[in-house]
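# Pasting the sequence and the predicted model now:
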Amino acid sequence: MSISKEYDLQESEIKKTLVVIPTYNERENIAKLTEQLLEISSDISILIVDDDSPDGTGKIADELTSASTRIKTIHRKGKGGRGSACVEGFKYALANDFDYVFEMDADFSHNPQEIPLFFDKIKSYDMVIGSRYLKGSKIVDWTLSRRVFSKIANFYARTILGIPISDYTNGYRIYKKKVISDLDFEKIKSKGYIVLSEMAYQVYKKGFRIGEVPTLFVNRKRGQSNLSFQEIFTAFTGVLKVKFRYLSS
């Protein structure tokens, strides 16, 4: 299944785009993913933000960077988490004047073939999220318990934060430059996947338009999962903290 086949992506629609890919133990995935991304358009560049992966992902990232001027790598000490890795990538995007910024996972749960769908939608919005809960979306190889937990987590976040979106926890997103430049990175105090909700809340509070596109979400086939149920649960206990931290803004 490829949701993007109905769209004909034109080079002029992409402009200067950075894809930020946080990595931790993704040696089995990163080379194949970057290859597919570079084939989409010559206007797409890639930033790998590696958290000192013990499996050698960082070394592979350096080799990819040496082989292509469109790939850069940032090495971080320790496992700082996906959220802060993306923030670092956003700062890089601003410093290098990119028009659009994607964030996506390295494990192919986010299908790069769907990128045309995001570019079609971003024409009318300022930020677009790949939602697993829209009509036309599909989740493959999730257990029933994970499906139930994800639904509950998203319902909880929507109840507390009130952003009119259906998927708070999927990190497949595109932002226009003006959105990234208006984010207050210093105010983001959350850790882990709650950063996704916090950034969406900032975008919403600032009056930007948030859209969603359907996505085919496939549970990772290669490598080991970096996300535990405990991590997700702990992250969503921070939703109330996000709400109260932004009450005065």
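Nice, thanks for sending it over.

# Distance from the chain centre to the longest helix along the chain, please.
Ranked by residue count, the top helix of the chain under DSSP state H comes out as helix 144-161. Distance, stretch centre to chain centre, for helix 144-161: 18 Å (Cα atoms, centre = their mean, to the nearest Å).

# Give me the helices and strands touching that helix, please.
Using 3 or more Cβ pairs under 8 Å, 6 or more residues apart in numbering; DSSP states H and E, the elements in contact with helix 144-161 are helix 194-205, helix 229-236, helix 239-245. All C-beta atoms are positioned from the backbone trio N, CA, C, and that covers glycine.

# Mean neighbour count and mean pLDDT for those - can I get that in CSV?
Below are the helices and strands packed on helix 144-161 laid out as CSV (neighbours: other Cβ atoms under 10 Å; pLDDT from 0 to 100):
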stretch, mean neighbour count, mean pLDDT
helix 194-205, 22, 93
helix 229-236, 15, 63
helix 239-245, 16, 89
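
# As TSV, those with distance to residue 78 would be great.
Formatted as TSV, the helices and strands packed on helix 144-161 follow (distance: least, Cβ to Cβ, whole Å):
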stretch	distance to residue 78
helix 194-205	17
helix 229-236	16
helix 239-245	23
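
# got the residue ranges for the helices in this structure?
Under DSSP H, the chain gives helices at 30-40, 57-67, 82-95, 115-121, 144-161, 177-182, 194-205, 229-236, 239-245.

# Contacts for the longest one, please.
Spelled out, that is helix 144-161. 132-133, 139, 142, 163, 165-169, 197, 200-201, 204, 229, 232-233, 236, 239-240, 242-243 (Cβ atoms under 8 Å, 6 or more residues apart in numbering).

# Mind doing that once more with 10 Å?
By Cβ atoms under 10 Å, 6 or more residues apart in numbering, the list of residues contacting helix 144-161 from outside reads 131-133, 139, 142-143, 163-170, 193-194, 196-198, 200-201, 204-205, 217, 219, 227, 229, 232-233, 235-237, 239-240, 242-244, 246.
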